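Asks: Okay, predicted coordinates and the sequence, questions at the end:
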Amino acid sequence: MRTIYLDHQATTPMDPAVMEVMQAAYTQYFANPASPHAAGVRAFREVERARSAVARFVGGARSEIYFTSGATEANNIAIKGIAGRCPGGHIVTTATEHKSVLDTCAYLREAGYSVTVLPVDAQGRVTAEQVASHLRDDTVLVSVMLANNEIGTIQPIAEIGRVTRPAGVPLHCDATQGVGSLAVDVTELGVDLLTFSGHKIYGPRGIGALYISNRLTDMTPLAPLMHGGGQERGLRAGTLNTAAIIGLGTAVTLVEEVRGKETRRLERLRDTFLAELAASSRAPFRLNSGSGPGFLPHALNLSLKGVDAQELLLRLADLAISTGSACNSSAQEPSHVLRAIGLPPERIKGSIRLSFGRFTEESDAIDAARYLAEAALPEPAID
Ligand code: PMP
């Protein structure tokens, strides 16, 4: 059987159009974009063209975009970069953030910072009121993700921005899982820092972007983590990954072109999959993620009754899905996100995460549901 890939929250395949521009970039623009000779200047122009595309994509200015190796690095620079300027300050974040945010905050707590981790409701959501009630005089940063990588919950970032902005507290948003499906505008969201990654939006791996408002840079320039050649206005030293940057520029442009149509198509695929799975009595399940405006259109998290999801995945060699977050699955720990929404251990044990993507077809959704239902023979018997 062919492999059906339904793990687009872990990573996406590169769009062939991205691959094509990158292949050309490796030969045409191999020169160092910091070199003053003509070949360097040509590479520099392409990098800046991509920077403009990313700036447009998030509604910022070209001077507000910094390239990184991915969202993990961008999140680290955003959070530690602020913390480095505000020793011992207070940071507010949420219980369902990606580990690159939560572990960075835990590291800072060890180093003497004060961190508030806000609990989420049963759908995985925080409210602006919650954030407001935890702001303190020494709060230096609020970090809340746009959309969750396990259950697809979209956070009310614009509402939170309406609380943090008047309080003069910078707001960071890890938008890695959201930018592929949701139109993002940093001004509307009221964020000062926004991060995302190329490999979640059909672009290359090893490239990410960090938006920092000029307003914030003028007030409190971030402390760099990397020192060296002064690239990216001194914030992220290291020779630029020209081909990947050009690939990212193409990837964001493609997302903008197809987003509206894709959203509706992906919702239909999700519904088709769920209807097919529900039609089978072999795999009774309960949804851990929601659908509708507050959730990502392409993502699903569900618990199969009486099933050990880790074991199930081993039996499903031709279906690429995951249990919880792929970044955590090697650790074999129960998902911190599913725990945060209050799921009991048996339900977490039976949970799977799947997500549809740009190259998923209707037949993939139907075959995947049938394949899953066949492999999931619950014990004890269904009630
Ligand atoms: N944040 C979120 C919400 C993610 O889903 C991921 C990837 N799983 C990351 C950050 C880290 O991204 P990267 O792989 O680019 O470091």
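Replies: Nice, I can see it.

Asks: got the contact list for the nearest residue to Ala83 once chain neighbours are set aside?
Replies: Take Ala83 and drop its neighbours on the chain: the residue closest to it by CB to CB, 6 or more residues apart in numbering is Leu108, 5.3 Å away. Any C-beta I mention is one placed from the backbone N, CA and C, and that applies to glycine too. Applying CB atoms under 8 Å, 6 or more residues apart in numbering to Leu108 gives the contacts Ile79, Lys80, Ala83, Ile91, Val115.

Asks: and Gly292, helix, strand or coil?
Replies: Classification of Gly292 by DSSP: H, G, I helix; E, B strand; the rest coil places it in coil.

Asks: Identify the residue nearest the geometric centre of the protein.
Replies: What sits nearest the mean C-alpha location of the chain, by CA atoms, centre = their mean, is Thr176, with 2.4 Å.

Asks: In this model Asn148 seems to touch that residue, though I could be wrong.
Replies: No: the criterion here is CB atoms under 8 Å, and Thr176 misses it with Asn148 at 10.2 Å.

Asks: Residues of the stretch 101-250 of the chain that sit close to the ligand?
Replies: Residues of the stretch 101-250 of the chain that fall close to the ligand, judged by CB under 6 Å from any ligand atom: Met145, Asn149, Asp174, Thr176, Gln177, Ser197, Gly208.

Asks: picking up where we left off before, among the contacts of Leu108, list the two that are farthest apart in space.
Replies: Using CB to CB, those span at most 12.7 Å, a distance reached by Lys80 and Val115.

Asks: which ones are touching Glu46?
Replies: Taking CB under 8 Å, 6+ apart as the criterion, Glu46 is in contact with Ala25, Tyr29, Pro33, Thr242, Ile245, Ile246.

Asks: just those residues now: which is nearest Val101?
Replies: Among those, Ile245 lies closest to Val101 (CB to CB), at 23.7 Å.

Asks: list the helices and strands the host helix or strand of that closest one packs on?
Replies: Element membership for Ile245 (DSSP states H and E) is helix 242-279. Using 3 or more CB pairs under 8 Å, 6 or more residues apart in numbering; DSSP states H and E as the contact test, the elements touching helix 242-279 are helix 16-28, helix 38-58, strand 285-287, strand 299-304, helix 362-375.

Asks: Give me the neighbour count for Ser239.
Replies: To be clear, residue 239 is Thr; Ser isn't right here. 12 (other CB atoms under 10 Å).

Asks: quick one: contacts for the closest residue to it other than its chain neighbours?
Replies: The spatial neighbour of Thr239 that comes closest, neighbours along the chain excluded (CB to CB, 6+ apart), is Asn32 at 5.9 Å. For Asn32, the contact set (CB under 8 Å, 6+ apart) comprises Gly40, Ala43, Thr239, Leu240.

Asks: now Glu362: how far from the ligand?
Replies: Glu362 is 26 Å from the ligand, where distance means CB to the nearest ligand atom, to the nearest Å.

Asks: So that residue sits against Thr272, correct?
Replies: Yes: assessed by CB under 8 Å, Glu362 is found in contact with Thr272 at 6.0 Å.
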